[in-house]
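Student: how would this look folded up:
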Amino acid sequence: MIYGAQQRNMIVDARPTVNAYAMQAVGLGSENMDNYKFATKVYLGIDNIHVMRDSLNKVIEALKDSDLTPLPPNRELLHKSHWLKHIANMLDGVGLIARQVGLQHSHVLIHCSDGWDRTSQLSALSQLCLDPYYRTLEGFIVLVEKDWLSFGHQFRYRSGFLSSEKWFQIENERIGGKDGSGNDPGRSNDAMAGAQKTIENALLSAKGFFSNKDHNASRDSLNIDSDGEQLQSYDSDSPPTSRRPGATANSPAASVKAVGADKNITKVKETAPIFHQFLDATYQLMYQHPTRFEFSERFLRRLLYHLYSCQYGTFLYDNEKSRTEAKIWERTRNVWDYFLSRREQFLNPKYDPTVDDNVRGKERLIFPRTDEIRWWSEVFGRTDEEMNPKPRPMHQGNGVLALDSDLSSSLSSSSPGTRTPVLTGVETAEQRVGPATGPGPGPKPRDSTAALAVELGSVSIKIGKDGEASMSRKSQSGLREQMEVGME
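Tutor: So this is what the prediction gives:
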């Protein structure tokens, strides 16, 4: 009896291939596959926290007018946010991992830049697909406690619980329109903005005068996250740091400054909807498999609400050590007490606990269908018709009838350019496939005339002797669907 992996193991790098190569410039990178001859490495092309934060901001921009007027959501802005594309890319990787573990019986190592964000998403969602226990209410609580809380996801940084001077705005300026007195809105807002800027500058000057013995009133010396602050690296999810000129990373001034900044403010550039995306992807799985989850959509929506409500101590701080030192469980309550005390309110009436691999629809494993990704309308307080309109029939030339799909989704493979491939790069000790523009973190191909075929679950990648590459995926009907592999 041979236990363990029966097939070729896999290393999953969640980053885009070009980002992993660019990290070499700062002394980082990815695994050299010469050292992992027993494994295959794949790049998933999931963007970093800064892209995800901008994406959610665009979604909010598309919805904000419908909060104040009867106008529907701005479908063009929803499409430009690429929110659904990011969710689909994530679930593409989840499906690949789940198939590799559940069907190919292989081990999978998952990582991104720092292992805090994309890694947690992929790992937790893969376990949802692989183990029916995590699809129960108690099991999902265990999954969040294990993969997010105990493993140290930075909820304080990503959720932005602490104050930030950038977030204080005058309500009239934010909403726009007249101020109620009949004054011209543009002139009124300009005046208010100018007054606000004057007050901010005065406060900055005073704060710098009293906090710095050299009366240095620069923004850098005031522990304020400047708009011009450089990100730490090409693809790092680490909190960016800024230092005053002449201060090194180990100097007392830099240490005091870092501690003071961490305790008092939230850096806007470190916030990102990482846990929000995890819950959104869980909703997608639940919608596609409505009888396989014990908890309901309302449970996910309420959990997202309490992530930001700060009514409970569960999502405060970044790790177990910080929560223990703060005696968080003596000073606050656990959010799971709230859910378990009213358990019946968050159960799925369609749930079927039967697991039988011999019966279709009751198998132990579930897999995401990325062509069915949709907007989680309830979490935005919108109706399903507003966020997920049905495709409209359109007539093309020669009498061909096509479907005008929603601008916000555009997820089908028939729309080139709207989705990245399942894999943006595949690398083994013998060969590399993907959009490599220069020498990467792995070895160069040893024999450019040799053919290569790699089988990854339902995905096959083939490279001929002439260098032509093709990728195919087995559909549910058992047929092979051809997909593009970027070679530029």
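
Student: from here on, contacts and neighbour counts on C-alpha atoms
Tutor: Will do.

Student: so what's the backbone phi/psi at Leu109?
Tutor: When read as degrees, to the nearest 10, the backbone of Leu109 gives phi -110, psi 130.

Student: kindly apply the preceding question to Pro349 instead.
Tutor: phi -70, psi -20.

Student: need the contact list for it.
Tutor: If you count contacts by Cα atoms under 8 Å, 6 or more residues apart in numbering, Pro349 has none.

Student: could you redo the last one with a cut-off of 10 Å?
Tutor: Neighbour list for Pro349: 290-291, 293-296 [criterion: Cα atoms under 10 Å, 6 or more residues apart in numbering].

Student: most neighbours, which of those?
Tutor: Phe293 (27 neighbours; other Cα atoms under 10 Å).

Student: count of neighbours near the spatially closest residue to that residue that is not a sequence neighbour?
Tutor: Of all residues not flanking Phe293 in the chain, Arg135 sits nearest, at 5.0 Å (Cα to Cα, 6 or more residues apart in numbering). Neighbour count of Arg135, defined by other Cα under 10 Å: 23.

Student: what's the distance between Arg135 and Trp83?
Tutor: 24 Å (Cα to Cα, to the nearest Å).

Student: so who does Phe275 touch?
Tutor: Phe275 touches 117-118, 120-121, 144, 148, 153, 155, 158-159, 281, 304, 307, counting by Cα under 10 Å, 6+ apart.

Student: and with 8 Å instead?
Tutor: So Phe275 contacts Gln121 (Cα under 8 Å, 6+ apart).

Student: secondary structure element for it, which one?
Tutor: Assigning secondary structure by DSSP states H and E places Phe275 in helix 274-288.

Student: with Ala272 instead?
Tutor: Using DSSP H and E, no helix or strand contains Ala272.

Student: quick one: contacts for it?
Tutor: So Ala272 contacts 49-50, 52-53, 158-159 (Cα under 8 Å, 6+ apart).

Student: going through the residues you listed, which ones are buried?
Tutor: 49-50, 52-53, 158-159 (16 or more other Cα atoms under 10 Å).

Student: turn those into TSV, including pLDDT, secondary structure and distance to Ser377.
Tutor: As requested, these are exported to TSV (pLDDT from 0 to 100; DSSP: H, G, I helix; E, B strand; the rest coil; distance: Cα to Cα, whole Å):
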residue	pLDDT	secondary structure	distance to Ser377
Ile49	92	helix	23
His50	93	helix	23
Met52	95	helix	18
Arg53	94	helix	19
Arg158	91	helix	23
Ser159	89	helix	21
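
Student: between these, which sits nearest Arg369?
Tutor: For the buried ones among the contacts of Ala272, the residue nearest Arg369 by Cα to Cα is Met52; the value is 21.4 Å.

Student: check contacts around the closest one.
Tutor: 83, 86, 272-274.

Student: now Cys129
Tutor: Contacts of Cys129 by Cα under 8 Å, 6+ apart are 98, 365-367.

Student: go again with 6 Å.
Tutor: 365-366 (Cα atoms under 6 Å, 6 or more residues apart in numbering).

Student: wait, a helix at it?
Tutor: Yes. Read with DSSP: H, G, I helix; E, B strand; the rest coil, Cys129 is one of the residues of a helix.

Student: strands along the stretch 301-450 of the chain, start to end?
Tutor: 392-395, 401-404, 425-427, 432-433 (DSSP state E, counting those that start in this stretch).

Student: compare the mean pLDDT across those strands and name the weakest.
Tutor: Sorting these by mean pLDDT places strand 401-404 lowest, at a mean of 46.
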